[in-house]
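Q: coords below, sequence missing:
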């Protein structure tokens with residue numbers, strides 16, 4: 001029996017910051033949270049490469065938007081949107097080591113019949129997932145578009161994520177890293193290795 005979700009909308013950034021473009025989902029979720037107010041019922045989470053360990057977060061969420069690098073047709077930096085069953089198919093392609101964990105995560109939720117009612121994957125086609133801490137130029141340029149896509153997707157699900165401004169007075173516009181007072185991103189298990197500039 002599925003328990004009542006604690007979170008109406010979870011925006012989950014996935015990826016490995018040590019594998020260049022594979023970290024785009026983590027960079028995007030921090031930029032989203034730094035630039036937008038999250039209303040009650042909406043949670044942004046840096047899931048990194050935790051894979052199956054994220055299952056309780058999926059179980060506790062009614063709707064989930066995943067942000068990640070996605071192996072798909074298109075030039076590096078192209079945006080991708082997948083819905084429902086297409087998400088599991090995409091991560092089964094195993095673009096990177098962390099997507100093995102994402103595939104297991106989605107399959108675990110399905111087997112337990114405790115997945116979210118709505119599952120969307122918004123992503124960017126990577127140029128490189130080789131060892132490196134910088135996004136490639138085309139993918140770096142696509143981060144703002146990915147964030148805007150996530151904001152539109154949230155709006156379509158009934159959640160407004162209004163832009164922050166300097167007038168908000170919460171440090172949102174002057175934080176260089178993703179761990180300041182303007183950043184509303186939860187980190188799974190409180191693990192923070194440090195964020196590259198976004």
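A: Now that the structure is in, tell me what you want to look at. Bear in mind that the values here come from a model prediction, so they are computed numbers and not experimental data.
Q: And residue 130, how far from residue 72?
A: Residue 130 is 19 Å from residue 72, where distance means Cβ to Cβ, to the nearest Å. In short, each C-beta sits where N, CA and C put it, glycine included.
Q: These two: which has the busier surroundings?
A: The neighbour count for residue 130 versus residue 72, taken as other Cβ atoms under 10 Å, is higher for residue 72 (17 against 11).
Q: wait, isn't that one in contact with residue 80?
A: Yes. Between residue 72 and residue 80 a contact is recorded at 4.7 Å, counting by Cβ atoms under 8 Å.
Q: okay, and the common contacts of the two?
A: Common contact partners of residue 72 and residue 80 (Cβ atoms under 8 Å, 6 or more residues apart in numbering): 90, 123, 125.
Q: any idea which of those is closest to residue 159?
A: residue 123 (19.8 Å; Cβ to Cβ).
Q: Tell me the gap between the host helix or strand of the closest one and the middle of its chain.
A: Following DSSP states H and E, one finds residue 123 within strand 118-124. Relative to the centre of its chain, strand 118-124 is centred 8 Å away, using Cα atoms, centre = their mean, to the nearest Å.
Q: May I have the strands that pair with that strand, each with its orientation?
A: strand 61-69 (parallel), strand 79-83 (antiparallel) (DSSP bridges).
Q: Give me the mean pLDDT for it.
A: For strand 118-124, mean pLDDT rounds to 94.
Q: from the chain's centre, how far out does stretch 117-135 sit?
A: Using Cα atoms, centre = their mean, the offset of stretch 117-135 from its chain centre is 9 Å.
Q: ditto for stretch 102-119
A: So, by Cα atoms, centre = their mean, the centroid of stretch 102-119 is 16 Å from its chain's centroid.
Q: Check which helices and strands the longest helix anywhere in the chain is in contact with.
A: Ordering each helix of the chain by length in residues (DSSP state H) puts helix 137-156 first. Packing partners of helix 137-156 (3 or more Cβ pairs under 8 Å, 6 or more residues apart in numbering; DSSP states H and E): strand 7-14, helix 24-35, strand 61-69, strand 79-83, strand 118-124.
Q: how about a cut-off of 7 Å?
A: The elements that helix 137-156 packs onto, with contact taken as 3 or more Cβ pairs under 7 Å, 6 or more residues apart in numbering; DSSP states H and E, are helix 24-35, strand 61-69, strand 79-83, strand 118-124.
Q: continuing past the third one, what's the next helix or strand?
A: Counting by DSSP H and E, the element after strand 79-83 in chain order, helix or strand, is helix 85-92.
Q: so what does that next one touch, helix or strand wise?
A: Using 3+ Cβ pairs under 7 Å, 6+ apart, helix 85-92 is in contact with helix 97-111, strand 118-124.
Q: at 10 Å what do you get?
A: Contacts defined by 3 or more Cβ pairs under 10 Å, 6 or more residues apart in numbering; DSSP states H and E place helix 85-92 against strand 61-69, strand 79-83, helix 97-111, strand 118-124.
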